[in-house]
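Asker: I would like to see how this sequence folds:
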Amino acid sequence: MHTKLNLKIQGATHAADRELLEDNLKSLDGVKALKITPFKGYVGVKMDIDSHKISKQEVVDIIKISGDFKIEEVKEAEDNSDKETAPANSSMETAPDGVASKTAFIFGLLAGIGAAALVGSIILGYILLKPGFGKGSGSRNSAATDIWAPSPAPAAAPSAPGAGPIQEFDITKDDHIRGDFKAPVTLVEYSDFECPFCERAYPTFKKLLTDYSGKVRLVYKHFPLGFHPNAQKAAEASECADEQGKFWEYHDKLFENQPGGYSLDKFKQWAKDLNLQTAKFNDCLDSGKYAGKVQADATDGQKRGVQGTPATFVNGQLVSGAMPYENFQAVVDQALK
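Answerer: Numbering: from 1, shown residues only. Below you'll find the predicted structure:
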């Protein structure tokens, strides 16, 4: 069943805000049509959603994590006399399956090249997700037209360790470690294979490991967001690959193919591409053997203050967001002093 939504969003005053909002809304499975129109002081969002696949609350949740926006539901007859000229790319569009991750990735890449200060806050707005977020977690205000309270303003991204308590990690060779096991700087990354900002951080960490060979090690932890329908199973697939000694190869395969979307068939094909024993891998994946292990990582992350992805602890100090390489380079240099 299709449901039409007509929303008024205050706070999305910049073109970059609207682009991120559009990309995030397109990433929702069940969005059939979307139109975003700028007005004076707010933007209008008209959507056609498949209510069997997505709820109104899930739409609200993704808007809330796109920025510090105030959201109102409005009637079709509301006066649009203050309408501004909408940009060409804001016309009614169909959101085909599989495009979501690609569009979010493209925006993340462009945003990283653009105005860093503005984009930093936008990215941090995105990462304020928790595992299972988007399943009716928004607060409701029934006494006013503003029926959903806005999310708290996202904190500014730290440029170096210094905020929050130092976390201690007992890293063993059973962990997923890339780099020298005895490296003086440890990056513990809580990540989601379906998160476009995690995909953006992926080459950053690979370059750090190359440039700081012997000095930096990366430890991967799972933090699948409930908002991403395939993130949990992707994490389980990586653990099934680890059974055959190819966690990192499968990790890379997932991120490198993220823009094309995920499915069980693709997970199994990528195992075949990596020359894994496919019958063993498929049985492992179908059984949900590592579902508990994946969720244990996420639970541990929450206890340590992780609220979204990517979240990276540099020698125990939390650094949130997919920061540019130069920012992480400064963090690592500081940790090496």
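Asker: Val319 is in contact with Leu331, correct?
Answerer: Just so we're on the same page, residue 331 is Val rather than Leu. Yes. Between Val331 and Val319 there is a contact at 6.1 Å, judged by Cβ atoms under 8 Å. Using the backbone N, CA and C atoms, a C-beta is placed for each residue, glycine as well.
Asker: Excluding covalently adjacent residues, which one is nearest to the most centrally placed residue in the chain?
Answerer: In the chain, the centroid-proximal residue (Cα atoms, centre = their mean) is Cys195; its distance is 3.4 Å. Counting by Cβ to Cβ, 6 or more residues apart in numbering, Thr309 is the residue found nearest to Cys195 once chain neighbours are left out, at 4.7 Å.
Asker: Give me the number of neighbouring residues for that neighbour.
Answerer: A count of nearby residues for Thr309, using other Cβ atoms under 10 Å, gives 32.
Asker: Report the contact partners of it.
Answerer: Contact analysis of Thr309 by Cβ atoms under 8 Å, 6 or more residues apart in numbering lists Ile127, Leu129, Tyr190, Ser191, Asp192, Cys195, Phe197, Cys198, Phe223, Leu225.
Asker: Tell me how the protein divides into domains.
Answerer: The record's domain parsing of the chain by automatic domain parsing lists 2-126, 176-336.
Asker: Same list (those domains) but as CSV, adding mean pLDDT and distance to Pro165.
Answerer: Shown next, in CSV, are the domains of the chain (pLDDT from 0 to 100; distance: least, Cβ to Cβ, whole Å):
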stretch, mean pLDDT, distance to Pro165
domain 2-126, 64, 19
domain 176-336, 96, 8
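Asker: Which SSE is immediately downstream of the one helix or strand Phe313 maps to?
Answerer: Here Phe313 sits within strand 311-314, counting by DSSP states H and E. Remark: after strand 311-314, the chain's next helix or strand is strand 317-320, criterion DSSP H and E.
Asker: Pairing partners for that next one, with directions?
Answerer: The sheet places strand 317-320 alongside strand 311-314 (antiparallel), with pairing taken from DSSP bridges.
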